[in-house]
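S.K.: predicted model, plus sequence, below.
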Amino acid sequence: MSAVPADAPVPPAFDVSNDVVEAVAPEREIAVEVGDNIMEIKNLTVKFGGLVALDDVSFNIKRGEILGLIGPNGAGKTTCFNAMTGVYKPTSGDVVLEGVSLKGVKQHRITRRGLARTFQNIRLFGEMTALENVVVGLDARHKTSVVGALLRLPRHTREEKTSVERGMALLEFVGIADQAGVLSRHLPYGSQRRLEIARALATDPKVLCLDEPAAGFNPAEKEDLMVLIRQIRADGYTVLLIEHDMRLVMGVTDRIVVLEFGRKLADGIPVDIRNDPRVVAAYLGEPEDDVA
Ligand SMILES: Nc1ncnc2c1ncn2[C@@H]1O[C@H](COP(=O)(O)OP(=O)(O)OP(=O)(O)O)[C@@H](O)[C@H]1O
């Protein structure tokens, strides 16, 4: 199934040292078990006027797993992400993170509570370097005040230094440390996608939501991305992944939730989803690339 032979060397970009891993995930257990529910999506409904984009959808995300969210075009995947991350206010239902409801919580506060995401259409600060884009994410977690920053109090200087070190570690982690000083709008497309992931990781999320991270990638880049997503999980993060490329979804996820016409169609391990006649029927008529 894989285009890369089993004994092929791991690309150097992902040969990440223990020091880098510790800088990226300083307070995490490196080896995690898939465990209890870290998030619960409860009867989530989103209506746009008369259109029901998401219809009474419920599923759980378990701590330490890579959960795939798939479905044909227009099935409601991005709407679900948007409702979870505070971009849209759900019409009804609830999203619970570590036992606490996110109902009515503003988007930036949801990020602070531990839910980070990337976007289908890349959203970086084009006039900032790669490193600065990541440091912005880290700065959101600083404890010093503006006055502390102006007076350059020792705590602020310490935090700033740590930010740069952690920012570099994150860039190394996603494989683009050599481009740290490049303006993000000048980065190659693949590096921009990786930078989005690094910036999301900078907020130290409990759950990382990736919205079509392989969009526009060639097969080799998709293989590299699978390695990176596995590495992210190995570092103790929980990952929710929207992705159209079935080979990638089947190759990297522990479990898959399938949406169709805004409703949950199936929820199970990849092999069961692949063989589920309802899922196969839902994808009939999709472009061949998407159902490979
Ligand atoms: N802001 C909006 N206003 C009106 N309708 C919307 C809005 N956002 C999404 N929709 C509609 O909701 C439905 C679900 O769209 P959504 O983008 O969530 O699907 P998707 O599964 O992510 O699709 P794709 O795979 O094509 O990205 C579609 O019919 C879409 O046109």
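M.R.: Perfect, I can see it now. Numbers count the residues shown, from 1 in each chain.
S.K.: can you confirm I38 is in a strand?
M.R.: Yes. Assessed with DSSP: H, G, I helix; E, B strand; the rest coil, I38 lies in a strand.
S.K.: look up how far L240 lies from it.
M.R.: Counting by CB to CB, to the nearest Å, the separation of I38 from L240 is 10 Å. Any C-beta I mention is one placed from the backbone N, CA and C, and that applies to glycine too.
S.K.: with T91 instead?
M.R.: T91 is 21 Å from L240, by CB to CB.
S.K.: now T203
M.R.: From T203 over to L240 the distance is 15 Å, taken as CB to CB.
S.K.: so these two - more neighbours on which side?
M.R.: Neighbour count, other CB atoms under 10 Å: between T203 and L240, L240 has more, with 25 against 20.
S.K.: these two touch, right, that one and I70?
M.R.: No. Taking contacts as CB atoms under 8 Å, L240 lies outside contact range of I70: 11.4 Å.
S.K.: what residues sit buried inside stretch 108-119?
M.R.: Using 16 or more other CB atoms under 10 Å as the test for burial, stretch 108-119 gives I110, T111, R113, G114, L115, A116, R117, T118, F119.
S.K.: return that stretch as CSV; C-alpha atoms alone will do.
M.R.: Taking C-alpha atoms only, stretch 108-119 is exported to CSV below (Å, rounded to 0.1, in the frame of the first residue of the first chain):
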residue,chain,number,x,y,z
HIS,A,108,-9.2,32.4,21.8
ARG,A,109,-10.2,31.1,25.2
ILE,A,110,-10.9,27.7,23.7
THR,A,111,-7.4,27.7,22.3
ARG,A,112,-6.1,28.5,25.8
ARG,A,113,-8.2,25.7,27.2
GLY,A,114,-6.2,23.3,25.0
LEU,A,115,-7.9,23.0,21.7
ALA,A,116,-5.7,24.1,18.7
ARG,A,117,-6.4,23.8,15.0
THR,A,118,-4.9,24.3,11.6
PHE,A,119,-7.1,25.6,8.7
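S.K.: what about it, near the ligand?
M.R.: No. Using CB under 6 Å from any ligand atom, stretch 108-119 stays clear of the ligand, with a minimum separation of 11.3 Å.
S.K.: at contact distance from the ligand, anything in stretch 42-53?
M.R.: Yes. Using CB under 6 Å from any ligand atom, stretch 42-53 reaches the ligand at F48, L51, A53.
S.K.: can you tell me the element the last one falls in?
M.R.: The one in question is A53. According to DSSP states H and E, A53 maps onto strand 51-62.
S.K.: what average pLDDT does that strand get?
M.R.: Confidence over strand 51-62 (mean pLDDT, whole number) is 96.
S.K.: is there any residue in the helix or strand just after that strand that contacts the ligand?
M.R.: Using DSSP H and E, the helix or strand that follows strand 51-62 in sequence is strand 66-70. No. Judged by CB under 6 Å from any ligand atom, strand 66-70 stays clear of the ligand, getting no closer than 8.6 Å.
S.K.: strand 66-70 - contacts with which helices or strands?
M.R.: Judged by 3 or more CB pairs under 8 Å, 6 or more residues apart in numbering; DSSP states H and E, strand 66-70 is in contact with helix 77-84, helix 219-234, strand 238-242, helix 246-252, strand 255-260.
S.K.: just the buried positions in the helix or strand following the first one, please.
M.R.: Right, helix 77-84. Using DSSP H and E, the next helix or strand after helix 77-84 towards the C-terminus is strand 92-97. Within strand 92-97, the residues scored as buried using 16+ other CB under 10 Å are G93, V95, V96, L97.
S.K.: make a markdown table out of these and add distance to A177 and pLDDT.
M.R.: Formatted as a markdown table, the buried residues of strand 92-97 follow (distance: CB to CB, whole Å; pLDDT from 0 to 100):
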| residue | distance to A177 | pLDDT |
| --- | --- | --- |
| G93 | 41 | 97 |
| V95 | 34 | 96 |
| V96 | 36 | 96 |
| L97 | 31 | 95 |
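S.K.: with distance to H244 added, can I get these in CSV?
M.R.: Compiled in CSV, those are given as follows (distance: CB to CB, whole Å):
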residue, distance to H244
G93, 25
V95, 23
V96, 28
L97, 26
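S.K.: quick one: which of the buried residues of stretch 108-119 is nearest the ligand?
M.R.: The ligand lies nearest to F119 out of those, by CB to the nearest ligand atom, at 11.3 Å.
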